[in-house]
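Visitor: Would you be able to build a 3D model of this:
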Amino acid sequence: MVGVGTAVPPSSYTQREILDTFGITDPRIRSVFLGGAITRRNLTLPPTGPDGRPAAESQGDLLRKHTETGLRMGREALERCLADAGATLADVRYLCCVTSTGLLTPGLSALLIRDLGIERSCQRLDVVGMGCNAGLNALNAVTGWAGGHPGELALMVCVEACSAAYVFDGTMRSSVVNSLFGDGSAAVAVRAPAHPGEDPDPAPRLLGFTSHIITEAVDAMRYDWDDSHGKFSFYLDPEVPYVVGAHAETAVERLLAGTGLRRDDIAHWVVHSGGKKVIDSVRVNLGLSRHDVRHTTGVLRDHGNLSSGSFLFSYERLRDEKAAVPGDLGVLMTMGPGSTIETALVGW
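Guide: Numbering: from 1, shown residues only. A predicted model of the protein is given here:
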């Protein structure tokens with residue numbers, strides 16, 4: 001991984017500001033917002049209506065928000081990633097875009113290639129609708145492409161305008177979702193050595209990927225059509241944190257199987273910022289310290305759950321911290337609908 005870059009919308013709100021903006025006075029809902037270990041989130045809120053409150057948005061309004069906000073964030077994240085990698089738009093040979101907050105045809109990859117002026121011969125992939133785990137699903141595919149095209153630059157960008165997936169109806173179901181997610185985009189650049197045995201980049205290497213699908217919990221996280229609202233809405237089962245946590249150990253064991261490594265050999269953990277209960281459940285089941293998940297909780301605190309790109313926000317903080325040294329090993333972990341746990345082994 002030779003570069004990383006992130007971007008968020010310019011407007012940031014505290015949880016209390018969001019509650020007050022929407023006039024939410026129900027003490028149960030306010031406690032959900034204020035008790036989730038989230039301080040601020042970057043959001044693209046709807047314009048104000050005649051009553052001074054944010055106006056209701058149709059599915060068309062939300063899709064336009066997904067497109068406009070997503071493209072703006074995606075461009076920023078890609079440009080910062082390329083600058084971090086010491087590369088230019090002319091170097092991009094493969095672009096993979098990940099999103100679950102809107103459906104477009106053509107997808108974000110074609111629109112970004114057009115808007116940024118990337119070479120028309122650039123190969124591309126759109127991963128749509130896989131949810132919060134999708135960043136590692138896509139990174140697996142990007143790594144495979146890079147391995148088959150040594151020396152050529154592949155980019156993945158996660159574009160999640162989560163405020164384009166909100167329903168405001170005052171119910172606890174919607175409020176739990178609305179209390180959690182924020183808007184953000186994250187990009188990572190991947191390149192395999194141009195020649196066998198060559199390792200010109202002192203960047204972390206992606207050593208392997210695994211998936212663990214909890215099929216009995218396939219309905220625990222859903223984004224589907226809601227007839228009562230005439231738009232898509234997200235459902236999150238209250239048991240999700242405990243289901244994911246209970247399977248985290250199995251997922252990591254599968255990742256390390258055959259490597260001769262033990263969990264104690266892992267120096268760095270980059271876990272998806274799925275929410276306080278999710279992080280705590282994974283931490284307890286894997287025997288991790290609060291220090292191990294400091295960047296995961298820091299991203300949750302500052303931005304909320306950023307869906308598929310969350311782990312790259314945490315990875316960027318780990319990279320900037322310069323705590324990893326040659327010889328260290330790390331685990332990347334994301335969780336999402338399916339229910340699915342994705343992992344990757346990283347070596348410095």
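
Visitor: What is the lowest-mean-pLDDT helix or strand in the chain packed up against?
Guide: None of the helices or strands of the chain scores lower by mean pLDDT, DSSP states H and E than strand 231-236, at a mean of 82. Under the contact definition 3 or more Cβ pairs under 8 Å, 6 or more residues apart in numbering; DSSP states H and E, strand 231-236 sits against helix 59-85, helix 172-178, strand 221-226. All C-beta spots, glycine's among them, are computed from the backbone N, C-alpha and C.

Visitor: could the ones you listed go into JSON lines alongside mean neighbour count, distance to His295 and mean pLDDT?
Guide: JSON lines is the format used below for the helices and strands packed on strand 231-236 (neighbours: other Cβ atoms under 10 Å; distance: least, Cβ to Cβ, whole Å; pLDDT from 0 to 100):
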{"stretch": "helix 59-85", "mean neighbour count": "20", "distance to His295": "17", "mean pLDDT": "96"}
{"stretch": "helix 172-178", "mean neighbour count": "19", "distance to His295": "24", "mean pLDDT": "85"}
{"stretch": "strand 221-226", "mean neighbour count": "15", "distance to His295": "23", "mean pLDDT": "85"}
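
Visitor: Any chance of JSON lines for these, columns distance to Arg301?
Guide: Formatted as JSON lines, those follow (distance: least, Cβ to Cβ, whole Å):
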{"stretch": "helix 59-85", "distance to Arg301": "20"}
{"stretch": "helix 172-178", "distance to Arg301": "18"}
{"stretch": "strand 221-226", "distance to Arg301": "22"}
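
Visitor: Ile38 is nearest to which of these?
Guide: Taking Cβ to Cβ, helix 172-178 is the member of the helices and strands packed on strand 231-236 nearest to Ile38, at 11.5 Å.

Visitor: Quick one: distance of that closest one to the chain centre.
Guide: Helix 172-178 has its C-alpha centroid displaced from the chain centroid by 19 Å (Cα atoms, centre = their mean, to the nearest Å).

Visitor: and it, what other elements does it pack with?
Guide: Checked by 3+ Cβ pairs under 8 Å, 6+ apart, helix 172-178 has helix 27-34, strand 231-236 packed alongside it.

Visitor: Which strands and helices lie in contact with the helix or strand just after the longest one?
Guide: Under the assignment DSSP states H and E, the closest C-terminal helix or strand after helix 27-34 is strand 40-42. Using 3+ Cβ pairs under 8 Å, 6+ apart, the elements in contact with strand 40-42 are strand 12-14, helix 15-21, helix 294-303.

Visitor: Just tell me which of the ones you listed ends up closest to Thr101.
Guide: Among the helices and strands packed on strand 40-42, helix 294-303 comes nearest to Thr101, with 14.8 Å by Cβ to Cβ.

Visitor: Show me what that closest one is in contact with.
Guide: Under the contact criterion Cβ atoms under 8 Å, 6 or more residues apart in numbering, helix 294-303 has outside partners 8, 37-42, 182, 184, 269-273, 275-276, 279, 290, 306, 310, 313-315, 317-318, 321.

Visitor: Fine by me, thanks again.
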